[in-house]
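>>> here is my input, please return the structure:
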Amino acid sequence: MDLTDYNVKFNDIADKLLSDEISNIYTEEGENISRSVRRLVQKFVDKVGQVDSRFKSSEILSVGGFYEGTKVGKADEFDYLVIIDELSAPGVLKAKTEEPMKATFTFVDPNLQARWSEFVDGDHLQHFSCNYRTNSEGHTYGGIMVNLIKGWLPIEATDLYDGTNLIIGDDDVDAVIDFVDDEHLILAGIIIAIPNIILNMEWKGMMLSADISPAFRYHNIEDLVSKDQFLHPELYNKIQKEGSLLLVTTLSEGNKSHFKITFTEIEFAKGDNQVSNSFKTSSEDVLQKEGEKEQEKVDKR
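Now for the predicted structure:
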């Protein structure tokens, strides 16, 4: 057998192992885990919206490897975008792009800006999953989730909370069991991982995590992207058909909030991984196109 035969055989074995790893995730057990985790996330989202109506959300997008069909290994990591209704209404925000894929936002309505004033700095909307100036303290999305959990626990169980990580000990899991309301799922803690919130859980001895990212929709697509920015024009056409872009928080130097465009919804069609792979390089497309423009300017000098 020559080297080519060995390579072919090795590739066949590797493909089968990878296929087996992926297929093992999408068993009935894996689907049961995902449903339980999603149900718990929905409960938290509903509860946060009840505590602070600014954070009401009627849409949660399941994203990431498990829902895209690319997860390898165990069904133990789940990702969600929580779409904030009030910020997603058409015409409430005005975008300004400072670099490809990122933008800052100001409120069009001064009354709405006043309502969100604790998350406004120099007229610009700042991220609201936690307060980066005071960690997770304050009336933030993540802060509300932490306070809910702290409210269910004995006071002594919250003493070790350091503003970032709250661990629910084995002796205290019964305190949150009514809220979780699942015979197999245990809530083990919460982490404020700026700018996301991570729920840690346990399922029949296996540790799980759910990464929750508050997000919003922006409907004036032309403020953020233009067709000539994309190497693949069909992506821009798909964005227009969708009618909005999703934005999530990203922090730049000095903790300044920008909001980053995410094409997750368009690339994977809300969990449908049959979308063309050409859409998966959308971010790189924009950056490459911008780089080409800059190089053209240099060449003309």
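>>> quick one: low-confidence residue ranges for the stretch 151-300 of the chain.
Along the stretch 151-300 of the chain, the parts satisfying pLDDT under 70 run over 160, 251-256, 267-300.
>>> need the helices for it, in chain order.
177-180, 233-242, 264-268, 282-300 (DSSP state H, counting those that start in this stretch).
>>> next one: the stretch 1-150 of the chain
For the stretch 1-150 of the chain, helices defined by DSSP H, counting those that start in this stretch occupy the ranges 3-25, 28-51, 65-68, 85-88, 110-115, 141-152.
>>> and those, which one's lowest on average pLDDT?
Confidence, taken as mean pLDDT, is least for helix 3-25 of the helices of the stretch 1-150 of the chain (a mean of 46).
>>> identify the bridge partners of residue 201.
For residue 201, the beta-bridge partners under DSSP bridges are residue 187, residue 208.
>>> what's the local residue count around it?
As a burial measure, residue 201 scores 24 neighbours (other Cβ atoms under 10 Å). Where C-beta positions appear, they are placed from N, C-alpha and C, glycine not excepted.
>>> in this protein, which residue is most central in space?
By Cα atoms, centre = their mean, the chain has its centre lying nearest to residue 213, at 3.5 Å.
>>> that one touches residue 80, doesn't it?
Yes. With contact defined as Cβ atoms under 8 Å, residue 213 reaches residue 80; the gap is 7.0 Å.
>>> one step back: wait, what's in contact with the residue nearest to the centre of the chain?
By Cβ atoms under 8 Å, 6 or more residues apart in numbering, residue 213 lies in contact with 79, 80, 81, 82, 129, 195, 196, 197, 248, 249.
>>> select from those every entry located in strands.
Using DSSP state E, the members of the contacts of residue 213 that fall in strands are 79, 80, 81, 82, 196, 197, 248, 249.
>>> quick one: end-to-end length of stretch 200-211, please.
9 Å (Cα to Cα, to the nearest Å).
>>> roughly how far is it from the heart of the chain?
Offset of stretch 200-211 from its chain centre (Cα atoms, centre = their mean, to the nearest Å): 18 Å.
>>> repeat for stretch 172-180
Relative to its chain's centre, stretch 172-180 lies at 26 Å (Cα atoms, centre = their mean).
>>> thought residue 41 was touching residue 199?
Yes. If you go by Cβ under 8 Å, residue 41 and residue 199 touch, sitting 7.1 Å apart.
>>> need the residues touching each of the two.
210, 212.
>>> ok so, going back, tell me which of the contacts of residue 213 is nearest to residue 166?
In terms of Cβ to Cβ, no member of the contacts of residue 213 lies closer to residue 166 than residue 197, at 11.0 Å.
>>> beta partners for that closest one?
In this entry, residue 197 is beta-bridged to residue 192, residue 212, by DSSP bridges.
>>> mind listing what it touches?
Shown in contact with residue 197 (Cβ under 8 Å, 6+ apart): 129, 130, 141, 142, 145, 190, 191, 211, 212, 213.
>>> likewise for residue 146?
Under the criterion of Cβ under 8 Å, 6+ apart, the contact list for residue 146 reads 136, 161, 166, 190, 192.
>>> kindly provide the distance from the residue lying closest to the fourth one once chain neighbours are set aside to residue 39.
Yep, that's residue 190 we're talking about. Using Cβ to Cβ, 6 or more residues apart in numbering and skipping residues adjacent in sequence, the residue nearest residue 190 is residue 166, 5.1 Å away. Plainly put, residue 166 is 21 Å away from residue 39 if you go by Cβ to Cβ, to the nearest Å.
>>> those two: who's more crowded?
When residue 166 and residue 39 are compared for neighbours, residue 166 comes out ahead with 23 against 13, by other Cβ under 10 Å.
>>> so what's that one up against?
By Cβ under 8 Å, 6+ apart, residue 166 lies in contact with 146, 149, 150, 158, 160, 189, 190, 191.
>>> from what I see, residue 126 and residue 116 are in contact.
No. Look at residue 126 against residue 116 with Cβ under 8 Å: they stay out of range, at 9.2 Å.
>>> neighbour-wise, which of the two wins?
Of the pair residue 126 and residue 116, residue 126 is the one with more neighbours under other Cβ under 10 Å, namely 23 against 16.
>>> what's the distance between that one and residue 88?
17 Å.
>>> how about residue 163?
For residue 163 relative to residue 88 (Cβ to Cβ), the value is 29 Å.
>>> which one's more surrounded, the two?
The residue with more neighbours, out of residue 163 and residue 88, is residue 88; 20 against 13, by other Cβ under 10 Å.
>>> show me the contacts for the more buried one.
Counting by Cβ under 8 Å, 6+ apart, residue 88 has contacts 216, 217, 218, 244.
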